[in-house]
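**Student:** quick one, structure for this:
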Amino acid sequence: MEKDQISALIIESDAAAREHISKLLEQYPIVSIIEIAYDTDVALLKVIDMNPDVVLLEYPVKGKTGKKLIKFIQSKLPQTTIVFVSKSTKYAAEAIHQDVYSYLLKPVVKAELGRILKKVQPHRQANILTLIDEIIEKKQEDSRLRFSTSKGFTIINPVEIIYCKADGPYTELHFANKSKEMTFIFLSKIEKILLPYNFVRISRSIIVNKNYIRKVFPNKDTLILLAEGVEYEVKGSRIPMKALSKNDFE
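**Tutor:** Numbering: from 1, shown residues only. Below you'll find the model as predicted:
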């Protein structure tokens, strides 16, 4: 396969939908290989065998290995683009929660499919020098983090975050410049990401940047954060607040 061509895997239980998507893909000369799987159980073996550039995945998935398949692709084949294909837009938020940012509605429209394929193509053209540059750049900016938001995504330095507050399946990020962002990431996951950057959980719904702690009131389960002359009062839970009051923040 030429380096400027791509391979596609269709995972679709409906025969008519499979045929429709396959015929659309055949109209693009850039697509050199088209494989089909009827469910995620069969697809997992095909993914391992063909290392596809784009996976068009019926959603909700059919098969017992749906989540495992998505996680496998994201962890082992990060250059592979996953596209959810669904009859409804109601799963769009769920797609974002699973870090899938390409979404097509049935019946798939050629123009929309083409838009996604144009984004897939550059992945095949990446050479070893590009990969080395990416590794170097990541090392230089390893303190910057990317969070998905309602507007797309934001790239920030963790030192800019004062505290994070859970809001159902979302998390509010509060910054030192008095702004805030809503991200589609659970607080538990954000906690793991920010733990190396001197953050601590003070309740089930809040983690704080210890660098901004000004006062701790364990009897009131409250602490004061200070950033750019502005104080923020945050409520915690008894046990973590008691432990926090015994810490130093140097």
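
**Student:** going forward, measure contacts and count neighbours with C-alpha atoms only.
**Tutor:** Noted.

**Student:** what's near enough to touch Ser13?
**Tutor:** Ser13 makes contact with 37-39, 58, 62, according to C-alpha atoms under 8 Å, 6 or more residues apart in numbering.

**Student:** what's the lowest-pLDDT member of the residues you listed?
**Tutor:** Among the contacts of Ser13, Lys62 has the lowest pLDDT, at 86.

**Student:** wait, what's in contact with that one?
**Tutor:** With C-alpha under 8 Å, 6+ apart, Lys62 has these contacts: 12-13, 38-40.

**Student:** in PyMOL, how would I select the buried members of those residues?
**Tutor:** Selection of buried members from those for PyMOL, criterion 16 or more other C-alpha atoms under 10 Å:
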select buried, resi 12+13+38+39+40
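
**Student:** quick check, nearest of the contacts of Lys62 to His174?
**Tutor:** The closest of these to His174 turns out to be Thr40 (C-alpha to C-alpha; 39.1 Å).

**Student:** so for that closest one, what's the nearest residue that isn't a sequence neighbour?
**Tutor:** Distances taken as C-alpha to C-alpha, 6 or more residues apart in numbering put Gly63 closest to Thr40, at 5.0 Å, once the chain neighbours are dropped.

**Student:** now that neighbour: how far from Ser205?
**Tutor:** Per C-alpha to C-alpha, to the nearest Å, Gly63 is found 34 Å from Ser205.

**Student:** more neighbours, those two?
**Tutor:** More crowded of Gly63 and Ser205, by other C-alpha atoms under 10 Å: Ser205, with 17 against 14.

**Student:** quick one on the thing from earlier: could I get the contacts of Lys62 as CSV with secondary structure and distance to Leu173?
**Tutor:** Putting those into CSV (DSSP: H, G, I helix; E, B strand; the rest coil; distance: C-alpha to C-alpha, whole Å) gives the following:
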residue, secondary structure, distance to Leu173
Glu12, coil, 38
Ser13, coil, 40
Tyr38, coil, 41
Asp39, coil, 38
Thr40, helix, 35
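
**Student:** mind putting the contacts of Lys62 into a markdown table with distance to Phe175?
**Tutor:** A markdown table is the format used below for those (distance: C-alpha to C-alpha, whole Å):
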| residue | distance to Phe175 |
| --- | --- |
| Glu12 | 43 |
| Ser13 | 45 |
| Tyr38 | 46 |
| Asp39 | 43 |
| Thr40 | 41 |
